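Engineer: Predicted structure and sequence below. I'll ask about it afterward.
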Amino acid sequence: MSSVPVLIRLLASSVSVANRAGKIVRDVMSKGELGIVEKGKDDYQTEADRSAQRCIIASLSAQYPKINIIGEEDGNQIQDSNEYLVMDSDQEILAINCPESLKGVEEKDIVVWVDPLDGTAEYTQGFLEHVTVLIGISVNERPVAGVIHQPYYKNVVGSDKIIGRTIWGLQEVGVGGFTLAPPPDSLVITTTRSHSNAIVENALQVMNAKQILRVGGAGYKVLQLLEGKASIYVFASPGCKKWDTCGPEAILSAAGGKLTDILGNHYKYGASESRPNKTGVLAAVYEDLHSYALSRIPQELKDELAK
C-alpha cells in the first residue's frame with residue numbers, strides 16, 4: 001500500500017473514518033444524552049460533535065502525522081484512548097489511479113478541514129436527514145478531495161436496510177458513493193433554514209426561482225445539488241466556515257459544478273486562512289448555472305458582504 005500515493009491513501013482512510021464517525025453520531029443520539037453546549041448565538045455543540053471529531057483527528061493523525069488537520073470543535077488534542085481509532089481504508093478508493101497532478105503531493109502539503117457534525121442545530125431538533133460528517137482535503141490552498149457522510153441516510157439493498165452512506169469526490173477523477181442526477185427542469189434554490197435576514201432574502205428573490213428549499217447544513221445543501229433536487233445554493237451571509245465548504249466544494253467540483261463566495265471568488269483553504277467564509281456561498285451543479293446566479297446578485301449586496 002505504500003506504493004499508493006498519499007492523497008489516495010488519505011481519501012481512502014477518510015471514507016472509513018467518516019463511516020465510524022457517523023456511527024458515533026447515531027450512538028450518541030440513541031443514548032439520549034446529547035450533552036449540548038452553547039458556543040455562541042445559534043451555535044451549539046453536542047457530545048456527538050466532540051466524540052466524532054476525536055475519532056477523525058486521532059485516526060488520521062495516527063496514519064498521517066505530518067498533515068495539518070483543522071477541526072471545528074475546540075481542542076484538537078488526540079485522546080490517549082484507542083476507543084475511536086480507525087485504521088481501515090476503503091479498498092475501492094485505494095484502487096483508483098491517482099491523477100498525475102496529485103501524485104507528488106506529500107503529507108506536509110496537505111490541510112484537512114473537519115466538520116464532525118454539520119447541522120448540529122438540526123441534529124438537536126430531530127431533522128436528522130440534514131446531518132452530515134464532512135472531511136475536506138486541500139493542497140496548495142485548493143480543495144482537491146472530499147467526503148460527505150450521511151449518518152441517517154436509509155439505503156434499501158434487496159431486503160436489507162442499511163443506515164448511512166458516504167459520498168466522495170476527487171479532482172480529475174469524479175465522484176463515488178452515489179449516482180449524479182441532472183438539475184430540476186425549473187430553477188430551485190437551496191438555502192439556509194436558520195440564518196436568514198433581509199440581505200439573504202433579497203439574494204433569493206432576485207433569482208426568480210420557482211421553489212426555495214430551506215434546509216440545514218452546508219453538506220446537505222450541496223448534496224441537494226448533486227442529487228438533482230436543487231439547481232443553485234445561495235447563502236448571502238457570513239455564517240459558515242471553511243470546514244463547512246472544503247469537502248463539499250471538492251466533491252461538487254469533481255462532479256463538474258462550482259462553489260465560490262457571493263462575489264464569485266474561490267475560498268482558499270490553507271492552514272493560515274481565517275475560518276469564517278465572510279462573503280457567503282454561491283454554488284451550482286453546472287458552471288453556466290453558477291454564472292447565471294452570479295449575474296443576478298445585486299451589486300449593493302456584494303458590496304455589503306465585501307465590507
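Structural biologist: Here it is on my side, so go on.

Engineer: low pLDDT regions in this protein?
Structural biologist: 1, 32-45, 74-81, 195-196 (pLDDT under 70).

Engineer: What segments of it are strands?
Structural biologist: For the chain, applying DSSP state E gives strands covering 37-40, 43-45, 68-71, 110-118, 132-139, 142-157, 160-170, 174-176, 188-192, 211-215, 232-235, 258-260, 281-284.

Engineer: What strands line up against the longest one, and which way round?
Structural biologist: What it means is strand 142-157. strand 132-139 (antiparallel), strand 160-170 (antiparallel) (DSSP bridges).

Engineer: Quick one, which of those gets closest to Asp27.
Structural biologist: Shortest distance between Asp27 and these, using C-beta to C-beta, is found for strand 160-170: 11.7 Å. (C-beta placed from N, C-alpha, C; glycine too.)

Engineer: and the strands of the chain, which is most packed in?
Structural biologist: strand 132-139 (a mean of 29; mean count of other C-beta atoms under 10 Å).

Engineer: Also compute the angle for that strand relative to strand 110-118, please.
Structural biologist: For strand 132-139 against strand 110-118, the angle by axes from the mean of the first three to the mean of the last three C-alpha atoms, to 10 degrees is 170 degrees.

Engineer: For Glu172, which non-adjacent residue is closest in space?
Structural biologist: Spatial nearest neighbour of Glu172, chain neighbours left out: Pro99 (3.9 Å); criterion: C-beta to C-beta, 6 or more residues apart in numbering.

Engineer: same question, Ser51
Structural biologist: Ser51's closest residue in space is Ile24 (C-beta to C-beta, 6+ apart), at 5.0 Å.

Engineer: Quick one: neighbours of that neighbour, just the number.
Structural biologist: 25 (other C-beta atoms under 10 Å).

Engineer: rewinding a little: for the strands of the chain, give me JSON lines that also has distance to Asp303.
Structural biologist: Formatted as JSON lines, those follow (distance: least, C-beta to C-beta, whole Å):
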{"stretch": "strand 37-40", "distance to Asp303": "26"}
{"stretch": "strand 43-45", "distance to Asp303": "27"}
{"stretch": "strand 68-71", "distance to Asp303": "30"}
{"stretch": "strand 110-118", "distance to Asp303": "28"}
{"stretch": "strand 132-139", "distance to Asp303": "29"}
{"stretch": "strand 142-157", "distance to Asp303": "27"}
{"stretch": "strand 160-170", "distance to Asp303": "33"}
{"stretch": "strand 174-176", "distance to Asp303": "35"}
{"stretch": "strand 188-192", "distance to Asp303": "21"}
{"stretch": "strand 211-215", "distance to Asp303": "24"}
{"stretch": "strand 232-235", "distance to Asp303": "17"}
{"stretch": "strand 258-260", "distance to Asp303": "17"}
{"stretch": "strand 281-284", "distance to Asp303": "15"}
